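Chemist: Sequence plus predicted model, see below.
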Amino acid sequence: MIDVLVVEDDDRVARINAAYVNKVPGFRVAARAHTAAEALAVLENGPIDLVLLDHYLPDGTGLGLVRRMRQHGLHADVIMVTAARDVATVQAAMRYGALQYLVKPFTFAGLRGKLDGYAALRRTVAGVGGSGEAGQEQVDRIFGAFGTPEAVPAVLPKGHSAPTADRVRRVLEEAGQPLSAHEVAERTGLSRSTAQRYLKYLERAGRLRLTLRYGEAGRPEHRYAWVPTP
């Protein structure tokens, strides 16, 4: 479970953001803070994995809080969630080590995309060995894990939903190897026929690469891999 600290000066907005976080599997809100001082106290008193951080706070700025965190040896990851959209602030957030930047107002889907990307990053780091050495391939996987998810086609045919198509995409991306319709169904929780229907559509749309694996007898097994956008 990923423990999240929501830092937001507006209590109503903080509660909404916390409710969004708690709806995403694998995440839970450990605490909310309305000032930089409150946030720093929470971080010093218990383990927090991720901070959703507003920039405009009553007693300072979010980026100022990030600097203080690092000075205090606090290494929680940070995603900026703020109305600040000037390029200087965005660039400073990158320099101070914010992993992502979400501009207000945003939808639940927008926040979930950032959280899913963060979870993918943690899985990738764990998969290559969190404390060992990494070769170039492993480094590329880590730096690419939190890239903006490549969208499924914007317009889907009747009977198809974007969230389901995106679930199939995430499973294929995270697998790192071709999967069969049966494997996709198991990992997404879909029926095999539904998984097959989405796989066939995404393959026709050019988002999947189809390969065949031949066994000793019978029909070859269809296997699908996500095609990254160039």
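Modeler: Looks like it came in fine. Numbering: from 1, shown residues only.
Chemist: Does V227 touch G206 like I think?
Modeler: Yes. Counting by Cβ atoms under 8 Å, V227 does reach G206; the two are 6.9 Å apart. Every C-beta, even on glycine, is put in place using the N, C-alpha and C of the backbone.
Chemist: more crowded one of these two?
Modeler: Neighbour count, other Cβ atoms under 10 Å: between V227 and G206, V227 has more, with 15 against 9.
Chemist: who touches the more buried one in this structure?
Modeler: By Cβ atoms under 8 Å, 6 or more residues apart in numbering, V227 lies in contact with 206-209.
Chemist: Try it again at 6 Å.
Modeler: Each residue near V227 by Cβ atoms under 6 Å, 6 or more residues apart in numbering is listed here: 207, 209.
Chemist: Buried ones in whichever helix or strand V21 is part of, by neighbour count?
Modeler: Assigned by DSSP states H and E, V21 belongs to helix 11-22. For helix 11-22, a neighbour-count test (16 or more other Cβ atoms under 10 Å) marks 14, 17-18, 20-21 as buried.
Chemist: how about the closest residue to K104 other than its chain neighbours, phi and psi?
Modeler: Excluding the flanking residues, the one nearest K104 by Cβ to Cβ, 6 or more residues apart in numbering is A83, at 4.3 Å. With angles defined as degrees, to the nearest 10, A83 shows backbone torsions of phi -80, psi -10.
Chemist: Could you give the number of residues near A83?
Modeler: By other Cβ under 10 Å, neighbour count at A83 equals 10.
Chemist: ok, so what distance separates it from V13?
Modeler: Taking Cβ to Cβ, to the nearest Å as the measure, A83 falls 10 Å from V13.
Chemist: same check, this time on M69
Modeler: The value you get for M69 to V13, if Cβ to Cβ is used, is 21 Å.
Chemist: can you check A195 too?
Modeler: For A195, the distance to V13 - Cβ to Cβ - is 38 Å.
Chemist: Where is the longest helix in this protein?
Modeler: helix 108-128 (DSSP state H).
Chemist: name the helices or strands packed onto that helix?
Modeler: In terms of contacts (3 or more Cβ pairs under 6 Å, 6 or more residues apart in numbering; DSSP states H and E), helix 108-128 is packed against helix 136-145.
Chemist: State the mean pLDDT of the helix it packs on.
Modeler: Average pLDDT, helix 136-145: 61.
Chemist: ok, and for the helix or strand following that helix, which residues are buried?
Modeler: Moving toward the C-terminus from helix 136-145, the next helix or strand (DSSP H and E) is helix 162-175. Buried residues in helix 162-175, defined by neighbour count with 16+ other Cβ under 10 Å: 164-174.
Chemist: which residue is nearest the middle of this structure?
Modeler: Nearest to the mean C-alpha position of the chain, counting by Cα atoms, centre = their mean, stands G117 at 1.6 Å.
Chemist: Read off the pLDDT value for that one.
Modeler: 83.
Chemist: What separation is there between it and P178?
Modeler: Relative to P178, and taking Cβ to Cβ, G117 is found at 23 Å.
Chemist: Check A109 too.
Modeler: 28 Å.
Chemist: Comparing the two, which residue is more hemmed in?
Modeler: Between A109 and P178, counted using other Cβ under 10 Å, the more crowded position is P178 (19 against 11).
Chemist: Would you confirm that that one contacts R223?
Modeler: Yes. Using Cβ atoms under 6 Å, P178 is in contact with R223, at 3.7 Å.
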